[in-house]
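Novice: Whatever this is, show me its structure:
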Amino acid sequence: MAYITLEDLRALIQERDILDLTNDAGTAADLADPAVAQVLADVFDQASQEVDAHLAGVADVPLPTPPRIVRQLAARIARYRLYQRRPNLVDVIKPVAADYNGAVGLLEQFAAGTLKLPGSIGSEPVVTGDSGLTASGGAPRFGDDFWKRMP
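Specialist: Presented below is the predicted three-dimensional model:
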């Protein structure tokens, strides 16, 4: 199950650029071309599988109803995978690769439990109405004894 749609990708890349990155034969007029659609389906599947690989330790995958952040991360990964198909775009791929690394970093935080996915994970519900993202820190550096000594 792909977490990403063409609309999700269009939020990151202009349609003309998507066509340029997927039109291997150079004959497609638009994104409805079967060869282009197949490339997009493959890239969407790869991105979704990469997301699943990260989240498998903290959630049952594939996610039946992926939260928006998962769709956005999958779209960022898919964009990177599209640009990887055109190694001649070295200067363009650098910021895309940096964004990909940021997306993977967030997935690693979800996997480590530093961040939690919106909705429910296992038996831990997330408070309704919030963004669903939570962060946890390490042990407090200053305990009650320290603060009691402060004037």
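Novice: can we go C-alpha only for contacts and neighbour counts from here?
Specialist: OK.
Novice: can you pull the contacts of residue 70?
Specialist: When contacts are counted by Cα atoms under 8 Å, 6 or more residues apart in numbering, residue 70 touches 3, 51.
Novice: Quick check: what element follows the helix or strand harbouring it along the chain?
Specialist: Counting by DSSP states H and E, the element that carries residue 70 is helix 68-84. The helix or strand immediately downstream of helix 68-84 is helix 90-112, counting by DSSP H and E.
Novice: Which residues belonging to that next one are considered buried?
Specialist: 93, 96-97, 99-100, 103-104, 106-111 (16 or more other Cα atoms under 10 Å).
Novice: Tell me where the model's unsure across the protein.
Specialist: 120-148, 150-151 (pLDDT under 70).
Novice: please redo it, this time with the cut-off set to 90
Specialist: 1-2, 25-26, 57-60, 64-65, 87-93, 113, 115-151 (pLDDT under 90).
Novice: coming back round to it: export the buried residues of helix 90-112 to TSV and append columns for distance to residue 74.
Specialist: Below are the buried residues of helix 90-112 laid out as TSV (distance: Cα to Cα, whole Å):
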residue	distance to residue 74
93	17
96	13
97	14
99	12
100	9
103	8
104	10
106	11
107	10
108	13
109	15
110	14
111	15
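Novice: Residue 51: which of those residues is nearest?
Specialist: residue 107 (7.1 Å; Cα to Cα).
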